[in-house]
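> Sharing a model that was predicted from the sequence below.
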Amino acid sequence: MSDVLILAAIVMLVLLFLKVPVYIAVLGGSAVYFVLNPTANPIIFAQQAITGVEKISLLAIPFFVCAGIFMNYTGVTKRIMDFCEVITGRLPGGLAQVNVLLSTLMGGLSGSNIADAAMQSKMLVPEMVKKGFSLEFSSVVTAASSMITPLIPPGIAMILYGSIANVSIGKLFISGFGVGALLCITMMILVGYISIKRGYGNITDEKVTAKRFWEVFKPAFLPLCLPIIIIGGIRIGIFTATEAGAAAIVYAVMLGIIYKEMRIKDVFQGLKETITTTSSIMLIVSAASVFSWILTKEKIPQQLAGYIMTVITNKYVFLLVINIFLLIVGMFIEGNASMIVLVPLLAPIAAEYGINEIQFAMVYIFNNAIGALSPPMGTLMFVTCSITKCKTWPFIKEAVPFYILLVFNLLLLTYFPPFTTLLVNIFY
């Protein structure tokens, strides 16, 4: 590894720790390399920054972001929440269970864990506090359940990973159903246990009648069909994953017309939010593409692979080491940025060990999701606490059982492949 590359990496890391915007930190480190390395043509810096965001598969990001934002203007959230209340109303900690299930179902519509956390922090946390839940528990459940969103199709993280590692995005979407369901079920069990222990009550003791179920299911039916339409359309070849994003926008607009809750000004506001959100993601993609080119030029992936395979001969030990490494990285670096830099390094090594590409992808994405909840830089933690006014340290103490649960689930995904590959093998 050259001294110039080491200096560039140090500059990038220092800027990241100083909380400089991620894309500026990465571009800053890359600029140092191009300025100090006479063998690197500075024109390549600009070329890579531009070509890094020109992949057709990345078009799915603005499409799905736009579809998710439009869904928020169509009254979909309220309809799905009513459906969740009926399903989980008799379970211990009723509103907390609604929180988890709503994140799971909305994950198939929004694709953004930050948007999901912000929405539920405003909608559900005040109601949970009124019902006797502590502010800390309500905030933690909201942030933790929002982790499910990037694991459920059409999660943005899956689109990014697929485009970087050249893995089928459709297969990642299918795998996401199993991983998301695992996290949803285990989190509902934990929430129920804590609720019983603390005496948090349920919403109702009444049995759900067929009539009541139909009353709430009918309004929620069309929104709940969107993930099925996306996966079904991709699987039978009607459209690609990118085209599915465009179809999702059309579907969201149709729901707005059917429900008569989406106005023209909402469309313009939604487009404005789409541009803002997409720009922040694409700037990171662009910057990280430059740094990835530098790593490739210096042959770091090959050197790293050779070293790791010399030291670690067992793939299970490799997976354990990678999990620990990614958990630490996720505590300090934003998930999308780390993905674009690290996936080109780690995915080929995982393939050398014979690890299924879909399994490794979902393990990686799950690690990123945990990082979004982990101090000191966890975005989900800070977004939720800023809205609910929950103090950070009480939040972290309350989240300990959830961290334990997440590590348990991570080990299941790591060492029991069917959780990530079974649905893929059935569909494909």
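Here it is on my side, so go on.
> so which helix or strand takes in residue 215?
For residue 215, the enclosing helix or strand under DSSP states H and E is helix 210-235.
> Tell me the helices and strands packed up against that helix.
Here helix 210-235 touches helix 76-88, helix 94-110, helix 169-198, helix 241-259, going by 3 or more Cβ pairs under 8 Å, 6 or more residues apart in numbering; DSSP states H and E. Bear in mind the C-beta positions are built from the backbone N, C-alpha and C, glycine included.
> now for those, which one comes closest to residue 424?
For these, the distance to residue 424 is smallest for helix 169-198, at 5.0 Å, taking Cβ to Cβ.
> any idea of the angle that closest one forms with helix 76-88?
Between helix 169-198 and helix 76-88, the angle comes out at 50 degrees (axes from the mean of the first three to the mean of the last three Cα atoms, to 10 degrees).
> buried stuff in helix 169-198?
169-184, 186-188, 190-192, 194-195 (16 or more other Cβ atoms under 10 Å).
> so how far is residue 388 from residue 398?
Using Cβ to Cβ, to the nearest Å, we find residue 398 at a distance of 12 Å from residue 388.
> got any residues that touch both of the two?
residue 139 (Cβ atoms under 8 Å, 6 or more residues apart in numbering).
> what about those two, which has more around it?
residue 388 (24 against 20; other Cβ atoms under 10 Å).
> Any regions of the protein where pLDDT drops low?
1, 107-112, 203-205, 301, 377 (pLDDT under 70).
> Next, the spatially most central residue of it: secondary structure please.
Geometric centre of the chain, nearest residue: residue 150, 2.5 Å, by Cα atoms, centre = their mean. The assignment at residue 150 comes out as helix when based on DSSP: H, G, I helix; E, B strand; the rest coil.
> The nearest residue to it once chain neighbours are set aside: which element?
Nearest non-adjacent residue to residue 150, counting by Cβ to Cβ, 6 or more residues apart in numbering: residue 157, 4.2 Å away. In this structure, residue 157 sits in helix 156-165 according to DSSP H and E.
> thinking again about what came up before, and residue 141, which of the helices and strands packed on helix 210-235 is closest to it?
helix 94-110 (5.0 Å).
> what's the angle from the closest one to helix 241-259?
Going by the same axes, to 10 degrees, helix 94-110 makes 120 degrees with helix 241-259.
> which strands and helices sit next to the very next helix or strand once past helix 94-110?
Heading C-terminal from helix 94-110, the first helix or strand you meet, by DSSP H and E, is helix 113-123. Applying 3+ Cβ pairs under 8 Å, 6+ apart, one finds that helix 113-123 contacts helix 60-72, helix 76-88, helix 94-110, helix 135-145, helix 379-388.
> In the helix or strand following helix 113-123, which residues are buried?
Next along the chain after helix 113-123, taking DSSP H and E as the criterion, comes helix 125-130. Buried residues in helix 125-130, counted by 16+ other Cβ under 10 Å: 125, 128, 129.
> TSV please, covering those residues and showing distance to residue 22.
TSV is the format used below for the buried residues of helix 125-130 (distance: Cβ to Cβ, whole Å):
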residue	distance to residue 22
125	28
128	32
129	33
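> what about residue 121, how many residues close to it?
Residues near residue 121, counting by other Cβ under 10 Å: 23.
> residues contacting the residue nearest to residue 150?
So residue 157 contacts 150, 151, 335, 336, 339, 365, 368, 369 (Cβ under 8 Å, 6+ apart).
> out of those residues, who's nearest residue 275?
residue 336 (17.2 Å).
> Please tell me how far residue 85 sits from residue 119.
Counting by Cβ to Cβ, the gap from residue 85 to residue 119 is 16 Å.
> How many residues are close by residue 272?
11.
> go on, the one 3 residues further on?
For residue 275, the tally of surrounding residues (other Cβ under 10 Å) stands at 13.
> SS state for it?
Applying three-state DSSP: residue 275 is helix.
> Export stretch 56-75 to CSV, keeping only CA atoms.
Extracted in CSV, the C-alpha atoms of stretch 56-75 (Å, rounded to 0.1, in the frame of the first residue of the first chain):
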residue,chain,number,x,y,z
ILE,A,56,-29.0,2.4,-15.0
SER,A,57,-29.7,0.3,-11.8
LEU,A,58,-29.2,3.4,-9.7
LEU,A,59,-32.2,5.0,-11.4
ALA,A,60,-34.3,2.7,-9.1
ILE,A,61,-33.3,4.9,-6.1
PRO,A,62,-35.1,8.2,-7.2
PHE,A,63,-38.0,6.1,-8.5
PHE,A,64,-38.6,4.2,-5.2
VAL,A,65,-37.9,7.3,-3.1
CYS,A,66,-40.5,9.3,-5.1
ALA,A,67,-43.0,6.4,-4.8
GLY,A,68,-42.5,6.2,-1.0
ILE,A,69,-42.9,10.0,-0.6
PHE,A,70,-46.0,10.0,-2.7
MET,A,71,-47.5,7.2,-0.6
ASN,A,72,-47.2,9.5,2.5
TYR,A,73,-49.5,12.0,0.7
THR,A,74,-52.2,9.5,-0.2
GLY,A,75,-53.4,8.6,3.3
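> In it, which of the residues would be classed as buried?
So for stretch 56-75, counting by 16+ other Cβ under 10 Å, buried means 57-75.
> now swap in stretch 411-428 and tell me
Under 16+ other Cβ under 10 Å, the buried positions of stretch 411-428 are 412, 413, 414, 417, 419, 420, 421, 423, 424, 427.
> Just the CA trace of it, in PDB.
Taking Å, rounded to 0.1, in the frame of the first residue of the first chain, the C-alpha atoms of stretch 411-428 are listed here in PDB:
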ATOM      1  CA  LEU A 411     -25.800 -14.700  14.000                       C
ATOM      2  CA  LEU A 412     -28.800 -16.600  12.600                       C
ATOM      3  CA  LEU A 413     -28.400 -14.900   9.200                       C
ATOM      4  CA  THR A 414     -24.700 -15.500   9.300                       C
ATOM      5  CA  TYR A 415     -24.700 -19.200  10.200                       C
ATOM      6  CA  PHE A 416     -28.000 -20.400   9.000                       C
ATOM      7  CA  PRO A 417     -28.200 -19.600   5.200                       C
ATOM      8  CA  PRO A 418     -31.900 -20.700   4.600                       C
ATOM      9  CA  PHE A 419     -33.000 -17.400   6.400                       C
ATOM     10  CA  THR A 420     -31.500 -15.500   3.400                       C
ATOM     11  CA  THR A 421     -31.600 -18.000   0.600                       C
ATOM     12  CA  LEU A 422     -34.600 -20.300   1.000                       C
ATOM     13  CA  LEU A 423     -37.200 -17.900  -0.600                       C
ATOM     14  CA  VAL A 424     -34.700 -17.000  -3.400                       C
ATOM     15  CA  ASN A 425     -34.300 -20.800  -4.200                       C
ATOM     16  CA  ILE A 426     -38.100 -21.200  -4.200                       C
ATOM     17  CA  PHE A 427     -38.800 -18.300  -6.500                       C
ATOM     18  CA  TYR A 428     -35.800 -18.800  -8.800                       C
END
